[in-house]
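Enquirer: Pasting a predicted model and its sequence here:
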Amino acid sequence: MFPRPHSVSAEPNFRIRVRFLDGAEGVVDLSHLRGKGVFRAWDEPGFFERVYVSPECQTVTWPGELDLDPNVLYAEATGRRVPGADAAA
């Protein structure tokens, strides 16, 4: 089973603070994605700050179904691999 995010908030400089249901939490730097492909939407003022945890996808999401892999987020936030998953950083 993949790690499920419980809550998320936008931080300065295109970072997010994410907490998982298992209690793990951390900050993930997403600045390297800004301006690339679908992530160009983050350049719109206020868009990045509209991040939330989608109950349908069970991951970190922005409007328009722009979401991120929870395994990768967990690995980036905690520095730990998800057991049984390929969590490439």
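Expert: Sure, I can see it.
Enquirer: Does the residue nearest in space to the middle of the chain lie in a helix or a strand, and which?
Expert: When CA atoms, centre = their mean is applied to the chain, the residue found nearest the centroid is residue 60 (4.6 Å). Here residue 60 sits within strand 59-62, counting by DSSP states H and E.
Enquirer: and after that strand, which helix or strand comes next?
Expert: Per DSSP H and E, the first helix or strand lying C-terminal to strand 59-62 is strand 66-67.
Enquirer: Contacts for that next one, please.
Expert: Strand 66-67 is contacted from outside by 38, 39, 41, 54, 57, 59, 60, 61, using CB atoms under 8 Å, 6 or more residues apart in numbering. C-beta here means a position set from N, CA and C on the backbone, and glycine is covered the same way.
Enquirer: how does it look with 6 Å?
Expert: 38, 57, 59, 61 (CB atoms under 6 Å, 6 or more residues apart in numbering).
Enquirer: Surely the last one and residue 51 touch.
Expert: So the one you mean is residue 61. No - here residue 61 does not reach residue 51: they are 7.3 Å apart, not a contact under CB atoms under 6 Å.
Enquirer: are any of the contacts of strand 66-67 buried, and which?
Expert: 59, 61 (16 or more other CB atoms under 10 Å).
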